[in-house]
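Colleague: I need the structure of the sequence given here:
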Amino acid sequence: VQLQASGGGLVRPGGSLRLSCAGSGFTLDYYAIAWFRQAPGKEREGVSCINRGEGRTHYADSVKGRFTISRDNAKNTVYLQMNNLQPDDTAKYYCAAERGWCSSSESMYNFWGRGTLVTVSS
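Modeller: Sure, this is the predicted structure:
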């Protein structure tokens, strides 16, 4: 069972990136999938989550209107489309899977990917 996050990189303010969270060994659609991020010197925070099945989505206030989370069940992958990126979005982004429903508590998540680094800088 593994989650692999990818798609990070260096982007200028106002730019876009799409992060991918690919699952292997299990079906992501049976899990709530969340993105968390951790900036240097800061605690990890929840960014977005998509529930299993019905696919209700949740966003942190800081990313509402700019980030969109989605699933592609055929590819067993969850995406985080990030638009209008700002320097405050610079962080390592992690995806995580929970057998239940979206939760803001990291302890509820059963599986974690290794993270992908997003740097927003001019």
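Colleague: How about the residue nearest the centre of the chain: which residues does it bridge to?
Modeller: Geometric centre of the chain, nearest residue: W35, 2.6 Å, by C-alpha atoms, centre = their mean. When bridges are called by DSSP bridges, W35 pairs up with S48, C95.
Colleague: these two touch, right, it and I50?
Modeller: No. Between W35 and I50 there is no contact under C-beta atoms under 8 Å: 9.2 Å. Bear in mind the C-beta positions are built from the backbone N, C-alpha and C, glycine included.
Colleague: Helices of this protein, start to end?
Modeller: Here the chain has no helices by DSSP state H.
Colleague: quick one: the strands in it?
Modeller: 2-6, 9-11, 17-24, 32-38, 45-50, 57-59, 67-72, 77-82, 91-98, 111-112, 116-120 (DSSP state E).
Colleague: In JSON lines: the ones you listed, plus distance to S105 and mean pLDDT.
Modeller: Formatted as JSON lines, the strands of the chain follow (distance: least, C-beta to C-beta, whole Å; pLDDT from 0 to 100):
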{"stretch": "strand 2-6", "distance to S105": "18", "mean pLDDT": "95"}
{"stretch": "strand 9-11", "distance to S105": "29", "mean pLDDT": "98"}
{"stretch": "strand 17-24", "distance to S105": "19", "mean pLDDT": "97"}
{"stretch": "strand 32-38", "distance to S105": "10", "mean pLDDT": "98"}
{"stretch": "strand 45-50", "distance to S105": "9", "mean pLDDT": "97"}
{"stretch": "strand 57-59", "distance to S105": "13", "mean pLDDT": "97"}
{"stretch": "strand 67-72", "distance to S105": "18", "mean pLDDT": "97"}
{"stretch": "strand 77-82", "distance to S105": "19", "mean pLDDT": "98"}
{"stretch": "strand 91-98", "distance to S105": "9", "mean pLDDT": "97"}
{"stretch": "strand 111-112", "distance to S105": "13", "mean pLDDT": "95"}
{"stretch": "strand 116-120", "distance to S105": "22", "mean pLDDT": "98"}
